[in-house]
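J.: no FASTA, just this:
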């Protein structure tokens, strides 16, 4: 019992947990330097100069250094060396000082006081060697990281930090740019790239581009490959992924990352050429492995061309491939936000994975209606205009230069969703291929080209002519907003008059979303103008849905409009008509009568509609009686 009381007493006593002080970054750095000074005073790192170097400059933080080194254990047994005279490869080790995949801390301290060609012998305790907290470099085979080690370090060359960069945090790939690009779009899967390269081992003296060249491809015979297809070594693909078109650079990376890829697409894999073919040339693209003794290699790369290929949906259902470049910079000169675009396009089926003939061409359709002659060979197959195989993208872009382009508003459902996705990432003048699965093409779209099966995937070839640079609604001034609102509303009105109700509906709802998203009102006048637009749009949407035969939806729009304007006779009248068509005859008559009381000018129209409503009610009652007659006979 006594033991139980003692146990319960202990439970009541609070347990004090020691709290570690939370230090700011500058305080942490200061504490680290103090501890390091104490460790060095205690003999964690001991240095001796073996040979003086040339000049007075020494490498600093971030510089790319080339170092020969040998490592011995405490007994003086040689464990590893890069020096050819000691059985090594004769190739120095390259790394960034205090950046990327960091070297043992003892090396960093020793090298910052060395000049070119200097040699030092350094005795290192394990916690300042490969076991230091900042060290990310693995020791060579048979070198014990937990023992005292002796290093002979020779600094053969270095490149200043302003010329080099590490390709990723704690990365073991380093880049030195030789020729800057005037583009900023980086290569990335599944883009197609055209490049030349020279692959070398590191030179003994650490001078770049002078080592043993074990593979090269000249600019005249440059390679073209799609990234992400397993055709290139992982390191080469990563290097290309850090480059822009026109750029030339030297990369230093582990030799293991330049081993031939383990996978290359086989026949029947997805088409990357955009022309329906499955061209694969693995023998040309698989580089030979680096020499056996090489720990690192240098690759001098120049990216000559970059063809944008994008997986728009992330699952391959919509892909975009740039065929011809346009004018402007991606993405600042793209219609990223919903706006009016002017374009030409043509479309064909990809049933069974094979491209068929072009079934619709806006250039051909427009020129036929205007009587304009177009260049390029066309055949007529079963009454459908199709282009010949020689009609490539360049010829297609050049043809019909004066033909009026198609004008459409993005975000309104006028264009197939997949096509619109791709247009938003194009610059004016660009020609691209867009491959879309049915869901993103014509499966649920109202305008299906003649002869096209909407259940099959399709390919578009699209040319963006221009677009309205309206800017993002929330970033526009009030005068610009009202001008844009009026333009969208008038386009909707024009489409309604043409009985293109679906597209009129899209424009009205698009503008309604913009108006309802507005929160930054500064004056009452702005609020009133926004409310007026909203009331008009709700009324117009009720009218559109009535014309489309969507009477329940029409009633919903009327109710929303009446919440803001309960005395709006036209909306009340419209709701009454929709109720009548929906079969709610008594409620319809009530709303029609209320509309007449609100506005005497529509009395005649209301009375005619009430009479029609009574006739419908009478006819519905007669039909109901006829339907139930067998049950009472």
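T.: Ah, there it is. Bear in mind that the values here come from a model prediction, so they are computed numbers and not experimental data. Numbering: from 1, shown residues only.
J.: Show me the strands in the stretch 1-150 of the chain, by range?
T.: Taking DSSP state E, counting those that start in this stretch to define them, one finds strands in the stretch 1-150 of the chain at 45-51, 64-72, 78-81, 93-96, 119-124, 149-159.
J.: Ok, which of the ones you listed comes nearest residue 574?
T.: Among these, strand 93-96 comes nearest to residue 574, with 72.0 Å by C-beta to C-beta. The C-beta positions use only the backbone N, C-alpha and C, and glycine is treated the same way.
J.: In its sheet, which strands sit next to the closest one, and in what direction?
T.: strand 64-72 (antiparallel) (DSSP bridges).
J.: Distance from the partner strand to the middle of the chain?
T.: In terms of C-alpha atoms, centre = their mean, to the nearest Å, the centre of strand 64-72 is found 41 Å from the chain centre.
J.: How about stretch 320-331?
T.: 14 Å.
J.: likewise stretch 83-95?
T.: Counting by C-alpha atoms, centre = their mean, stretch 83-95 is centred 43 Å from the centre of its parent chain.
J.: likewise stretch 195-202?
T.: For stretch 195-202, the distance to the chain centre is 29 Å (C-alpha atoms, centre = their mean).
J.: And the contacts of it?
T.: Here stretch 195-202 makes contact (C-beta atoms under 8 Å, 6 or more residues apart in numbering) with 66, 89, 91-92, 94, 209-219, 221-223, 236, 240, 252, 258, 287, 290-291, 294, 296-304.
J.: Filter the residues you listed down to the buried ones, ChimeraX style.
T.: Those of the contacts of stretch 195-202 that count as buried under 16 or more other C-beta atoms under 10 Å are selected in ChimeraX with:
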select :66,89,91,92,94,211,212,214,217,222,223,236,240,252,258,287,290,294,296,297,298,299,300,301,302,303,304
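J.: out of the contacts of stretch 195-202, which are inside helices?
T.: Counting by DSSP state H, the contacts of stretch 195-202 place 236, 240 in helices.
J.: Among the contacts of stretch 195-202, name the ones in strands.
T.: Counting by DSSP state E, the part of the contacts of stretch 195-202 found in strands is 66, 94, 213-217, 223, 252, 296-304.
J.: quick revisit: in TSV, list the strands of the stretch 1-150 of the chain along with distance to residue 433.
T.: Shown next, in TSV, are the strands of the stretch 1-150 of the chain (distance: least, C-beta to C-beta, whole Å):
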stretch	distance to residue 433
strand 45-51	60
strand 64-72	41
strand 78-81	53
strand 93-96	42
strand 119-124	59
strand 149-159	42
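J.: Dump the ones you listed into JSON lines; add mean pLDDT and distance to residue 204 as well.
T.: Below are the strands of the stretch 1-150 of the chain laid out as JSON lines (pLDDT from 0 to 100; distance: least, C-beta to C-beta, whole Å):
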{"stretch": "strand 45-51", "mean pLDDT": "95", "distance to residue 204": "16"}
{"stretch": "strand 64-72", "mean pLDDT": "97", "distance to residue 204": "8"}
{"stretch": "strand 78-81", "mean pLDDT": "96", "distance to residue 204": "13"}
{"stretch": "strand 93-96", "mean pLDDT": "96", "distance to residue 204": "12"}
{"stretch": "strand 119-124", "mean pLDDT": "96", "distance to residue 204": "15"}
{"stretch": "strand 149-159", "mean pLDDT": "97", "distance to residue 204": "7"}
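J.: for those, which one sits closest to residue 424?
T.: Comparing those by C-beta to C-beta, strand 93-96 comes nearest, at 39.4 Å.
J.: going on from the helix or strand where residue 597 lies, what's the next piece of helix or strand?
T.: Assigned by DSSP states H and E, residue 597 belongs to helix 585-598. For helix 585-598, the succeeding helix or strand toward the C-terminus, using DSSP H and E, is helix 603-632.
J.: Against which helices or strands is that following helix packed?
T.: Judged by 3 or more C-beta pairs under 8 Å, 6 or more residues apart in numbering; DSSP states H and E, the packing partners of helix 603-632 are helix 569-582, helix 585-598.
J.: Out of those, which is the most enclosed?
T.: helix 569-582 (a mean of 23; mean count of other C-beta atoms under 10 Å).
J.: Return the distance of it from the chain's centre.
T.: Distance, stretch centre to chain centre, for helix 569-582: 47 Å (C-alpha atoms, centre = their mean).
J.: how far off helix 585-598 does that helix point, in degrees?
T.: With axes from the mean of the first three to the mean of the last three C-alpha atoms, to 10 degrees defining the directions, helix 569-582 sits at 160 degrees from helix 585-598.
J.: And the contacts of stretch 543-551?
T.: The contact list for stretch 543-551, computed with C-beta under 8 Å, 6+ apart, reads 496, 499, 501-502, 504-505, 508, 553-554, 557, 574, 577-579, 581-582.
J.: Give me the lowest-pLDDT entry from those.
T.: Least confident entry in those, by pLDDT: residue 502, with 87.
J.: buried ones in the helix or strand harbouring that one?
T.: Using DSSP H and E, residue 502 falls within helix 501-516. Using 16+ other C-beta under 10 Å as the test for burial, helix 501-516 gives 501-512, 514-515.
J.: Which other helices and strands does it contact?
T.: strand 406-409, helix 478-497, helix 524-547.
J.: want to try JSON lines for these, with distance to residue 38 as columns?
T.: Output for the helices and strands packed on helix 501-516, formatted as JSON lines (distance: least, C-beta to C-beta, whole Å):
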{"stretch": "strand 406-409", "distance to residue 38": "70"}
{"stretch": "helix 478-497", "distance to residue 38": "65"}
{"stretch": "helix 524-547", "distance to residue 38": "67"}
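J.: Any idea which of the ones you listed gets closest to residue 466?
T.: strand 406-409 (9.7 Å).
J.: contacting residues around that closest one?
T.: 338-345, 362, 366, 414-415, 488, 491, 506-507, 510.
J.: In TSV: the helices and strands packed on helix 603-632, plus distance to residue 483.
T.: Putting those into TSV (distance: least, C-beta to C-beta, whole Å) gives the following:
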stretch	distance to residue 483
helix 569-582	26
helix 585-598	33
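J.: so which of those helices comes closest to residue 107?
T.: Closest among the helices and strands packed on helix 603-632, using C-beta to C-beta: helix 569-582, at 80.5 Å.
J.: Give me the angle between the closest one and helix 603-632.
T.: Using the same axes, to 10 degrees: helix 569-582 against helix 603-632 is 20 degrees.
J.: Tell me the helices and strands packed up against helix 569-582.
T.: Looks like helix 569-582 contacts helix 524-547, helix 551-564, helix 585-598, helix 603-632 (3+ C-beta pairs under 8 Å, 6+ apart).
J.: contact partners of it?
T.: Applying C-beta under 8 Å, 6+ apart, the contact partners of helix 569-582 are 538-539, 542-543, 546, 551-552, 554-555, 558-559, 561-562, 565, 585, 587-592, 594-596, 598-599, 602, 605-606, 609, 612-613, 616.
J.: Give me the angle between that helix and helix 551-564.
T.: Helix 569-582 and helix 551-564 are oriented at 150 degrees to each other (the same axes, to 10 degrees).
J.: Return the helix or strand in this structure with minimum mean pLDDT.
T.: Every helix and strand of the chain was ranked by mean pLDDT, DSSP states H and E. The lowest is strand 378-381, at a mean of 32.
J.: got the buried residues for stretch 111-120?
T.: Residues of stretch 111-120 classed as buried: 111, 114, 116, 118-120 (neighbour count, 16+ other C-beta under 10 Å).
J.: can you give me the helices for the stretch 51-200 of the chain?
T.: Ranges of helices in the stretch 51-200 of the chain, per DSSP state H, counting those that start in this stretch, are 105-111.
J.: any low-confidence regions in it?
T.: Along the stretch 51-200 of the chain, no part satisfies pLDDT under 70.
J.: Please apply the same query to the chain.
T.: Applying pLDDT under 70 to the chain picks out residues 1-24, 262-286, 365-391, 400, 629, 631-633.
J.: closest to residue 448 among the contacts of stretch 543-551?
T.: Nearest to residue 448, judged by C-beta to C-beta, of the contacts of stretch 543-551 is residue 502 at 13.0 Å.
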